[in-house]
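Participant: got a structure for you, letters missing:
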């Protein structure tokens, strides 16, 4: 019966709002992590196009 009262409904509403905000913050943190990892991938891809400084030492004929 308490959940059917004005206070109970207010509590449920507040909990739903808090859970929605928490979920959105979690999604935002995952989006930031994905963007950071995309930056790491871009850095690795760019590093592949540039030869290493010691590359001639490993190319023996």
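Facilitator: Yes, it's here. The model shown is predicted, which means the values in this text are computed figures rather than measured ones.

Participant: could you check the pLDDT of residue 43?
Facilitator: Confidence per residue is given as pLDDT, and for residue 43 that number is 89.

Participant: how near is it to residue 35?
Facilitator: Taking C-beta to C-beta, to the nearest Å as the measure, residue 43 and residue 35 are separated by 13 Å. For every residue, glycine as well, the C-beta is placed using N, CA and C.

Participant: with residue 16 instead?
Facilitator: 29 Å.

Participant: ok, longest helix in this structure?
Facilitator: helix 6-49 (DSSP state H).

Participant: in this structure, where is pLDDT below threshold?
Facilitator: Judged against pLDDT under 70, the low-scoring parts of the chain cover residues 2-3, 54-61.

Participant: I'd like to know how far the residue sitting nearest the centre point of it sits from residue 5.
Facilitator: Ranked by distance to the mean C-alpha position of the chain (C-alpha atoms, centre = their mean), the top residue is residue 30 at 2.1 Å. Counting by C-beta to C-beta, the gap from residue 30 to residue 5 is 37 Å.

Participant: one more: residue 47?
Facilitator: Taking C-beta to C-beta as the criterion, residue 47 is separated from residue 5 by 63 Å.

Participant: go on, residue 37?
Facilitator: Using C-beta to C-beta, we find residue 37 at a distance of 48 Å from residue 5.
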